[in-house]
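K.L.:
This is a predicted model, with the sequence first.
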Amino acid sequence: MMKNVLCLLFMSFFFINCNSQEDVKSVSTQELKELLSKEKIQLMDVRTPAEINEGTIETATFANYFDADFKEKASNKLDKSKPVYLYCRSGKRSVKASKILKENGYEVYNVLGGYNKWKQEN
């Protein structure tokens, strides 16, 4: 009986863990800065226009995650053959946006800590 309970707990933990991140790859803001200094990467800001007015990372393109047609707008600006780096204000929306783009065949990296962290460091 105890063995079954442990097995069930282990299985449920495993499934909860799998669904929470869904293999969204991440980079730190430091890693992003290094990448930006070396090459031209696809960087997308998924914040709102009001947030973007407060500042951006120089080479970023924009697609508001809250727009009903976010997937289409983002896809029109991105090249599927190259990795995409996404950021928002703190990193929560960009994880959700990453999942959407990943499901549509993009190789996606979420920028940990988002623009807030970037602004603190740069």
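P.N.:
Perfect, I can see it now. In this text, all values refer to a predicted model and were calculated from it rather than measured experimentally.
K.L.:
and Thr61, backbone torsions?
P.N.:
Here is the backbone geometry of Thr61 (degrees, to the nearest 10): phi -100, psi 170.
K.L.:
Number the residues from 40 up from this point.
P.N.:
Yep, numbering from 40; the last one is Thr100 now.
K.L.:
contacting residues around it?
P.N.:
Applying C-beta atoms under 8 Å, 6 or more residues apart in numbering to Thr100 gives the contacts 81-84, 116-117. Quick note: C-beta positions are derived from backbone N, CA and C, even for glycine.
K.L.:
May I see the ChimeraX selection of the buried members of those residues?
P.N.:
Buried members of these, defined by 16 or more other C-beta atoms under 10 Å, are picked up in ChimeraX with:
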select :81,82,83,84,117
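K.L.:
Now the helix or strand containing Lys112 - C-alpha only, CSV.
P.N.:
Following DSSP states H and E, the helix or strand that holds Lys112 is helix 109-116. The C-alpha trace of helix 109-116 is given here as CSV (Å, rounded to 0.1, in the frame of the first residue of the first chain):
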residue,chain,number,x,y,z
PHE,A,109,-0.4,38.0,-30.8
LYS,A,110,0.7,34.8,-32.5
GLU,A,111,0.1,36.3,-36.0
LYS,A,112,1.8,39.6,-35.2
ALA,A,113,4.8,37.8,-33.7
SER,A,114,5.1,35.3,-36.5
ASN,A,115,5.1,38.1,-39.1
LYS,A,116,8.2,39.6,-37.5
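K.L.:
isn't Leu125 right next to Lys138, touching?
P.N.:
No. Leu125 is beyond contact range of Lys138, at 10.2 Å (criterion: C-beta atoms under 8 Å).
K.L.:
Which one's more surrounded, the two?
P.N.:
Leu125 (30 against 16; other C-beta atoms under 10 Å).
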